[in-house]
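Trainee: structure for the following, please:
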Amino acid sequence: MALIPTPTKAELAILRVLWDRGASTVREVHTALASARDVGYTTTLKTLQVMTAKGLTTREARGPQHLYRAKHAEQQMQRRLIRDLVDRAFGGSTTQFVVQALASKRATPDELKEVRRLLTEYEEKNHE
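Mentor: The predicted model follows:
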């Protein structure tokens, strides 16, 4: 499987819009971003063009407009980013990553319950 490119902060903001909205025109992406970021339309267009060249998005012609889609699912991209973070910041130690993640922000009781459930599920799968 080909390596998924790492998006920049601006590219990740656009990917979030595409994951939330689905296929969107440049105008739709720009409008969605405008409330959170002070960025021009041409910057949004150029960023989407670069993202398509990098393999982060796909572009489909629909009449005079182009529809952009995220090329990779949100969960797939999150896993890619986590792998990169674990490798770079924690020397590949998943344990250190989890410990620091839980220490850096208080988890809710429901989140802790989900973490426990996932650990149990993981253990069961790896001991069969």
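Trainee: mind giving me the packing neighbours of the host helix or strand of Glu111?
Mentor: Secondary structure assignment for Glu111, by DSSP states H and E: helix 109-126. Applying 3 or more Cβ pairs under 8 Å, 6 or more residues apart in numbering; DSSP states H and E, we find helix 109-126 packed against no helix or strand. Where you see a C-beta, it was placed from the backbone N, CA and C, and this is true even at glycine.
Trainee: show residues contacting that helix.
Mentor: Under the contact criterion Cβ atoms under 8 Å, 6 or more residues apart in numbering, helix 109-126 has outside partners Leu102, Ala107.
Trainee: for Met77, see how far away Thr95 is.
Mentor: Distance of Thr95 to Met77, given as Cβ to Cβ, to the nearest Å: 23 Å.
Trainee: between these two, which is the more surrounded one?
Mentor: Per other Cβ atoms under 10 Å, whichever of Thr95 and Met77 has more neighbours is Met77, with 21 against 9.
Trainee: check Leu2 and give its pLDDT.
Mentor: Small correction: residue 2 is Ala, not Leu. pLDDT recorded at Ala2 is 61.
Trainee: mind splitting this structure into its structural domains?
Mentor: According to automatic domain parsing, the chain comprises the domains 1-92, 93-128.
Trainee: list the contacts for the closest residue to Glu74 other than its chain neighbours?
Mentor: Counting by Cβ to Cβ, 6 or more residues apart in numbering, the nearest residue to Glu74 once its immediate chain neighbours are dropped is Trp19, at 4.5 Å. Contact analysis of Trp19 by Cβ under 8 Å, 6+ apart lists Ala70, Ala73, Glu74.
Trainee: any chance of a PyMOL selection covering the buried ones in the residues you listed?
Mentor: Only the buried entries of the contacts of Trp19 go into this PyMOL selection, using 16 or more other Cβ atoms under 10 Å:
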select buried, resi 70
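Trainee: from the contacts of Trp19, which land in helices?
Mentor: If you go by DSSP state H, the contacts of Trp19 have Glu74 in helices.
Trainee: check which helix or strand covers Ala13.
Mentor: Assigned by DSSP H and E, Ala13 falls within helix 9-21.
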